[in-house]
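Student: Show me the folded form of this:
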Amino acid sequence: MSLFILTTAIAQAHFTLVSPIAIEQTQAINLGIISNQISVHCQLDQFSRQGSGCISSDNQLGQFAINGNEQAMINVVVYPSDNANIAFTPILPNGTQQQSFSLSDSTTVIEVGGKVDVIDDKLTGLQQVNYTIEVNYQ
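Tutor: Presented below is the predicted three-dimensional model:
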């Protein structure tokens, strides 16, 4: 004779539903006029514009509008890019390429600066560089 005993239990699973994060560039970074000489740089951050290649000119920080769950913590990472002529490093308000923010309301605006290092002086005129910004819930 075989005896089988079956036991069951009710278990729980916990989770949090969040709104998808949306990000939109509302203002591009303008680093102004930069001297086209090998090994010079120009940096624009939350406090100033400085560097051996900066020439007095208009400039502005970039801006991004981020939408998500109010009061949620997000992690923002910006990635540098370069080509044969320049290296570009985006800069968040804390002076690095990674920073955490609290979404104060449904739309939070963050500012991004940047640094250009001139590698080769073959190009002149208006230049544009693409970079990546990544935003995730923490």
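
Student: Check which helix or strand Asp120 maps to.
Tutor: For Asp120, there is no host helix or strand (DSSP states H and E).

Student: got a list of what the closest residue to it other than its chain neighbours touches?
Tutor: Of all residues not flanking Asp120 in the chain, Asn85 sits nearest, at 4.7 Å (CB to CB, 6 or more residues apart in numbering). Every residue, glycine included, has its C-beta placed from N, CA and C. Applying CB atoms under 8 Å, 6 or more residues apart in numbering to Asn85 gives the contacts 118-123, 127.

Student: Ok, Ser100 next?
Tutor: Taking CB under 8 Å, 6+ apart, we find Ser100 in contact with 73-76, 138.

Student: partner residues bridging it?
Tutor: Counting by DSSP bridges, Ser100 is bridged to Asn75.

Student: and it, what pLDDT?
Tutor: The score at Ser100 is 96. That number is its pLDDT.

Student: which element follows the helix or strand of the chain with the lowest mean pLDDT toward the C-terminus?
Tutor: Lowest by mean pLDDT, DSSP states H and E among the helices and strands of the chain is strand 81-82, with a mean of 94. Using DSSP H and E, the helix or strand that directly follows strand 81-82 along the chain is strand 86-91.
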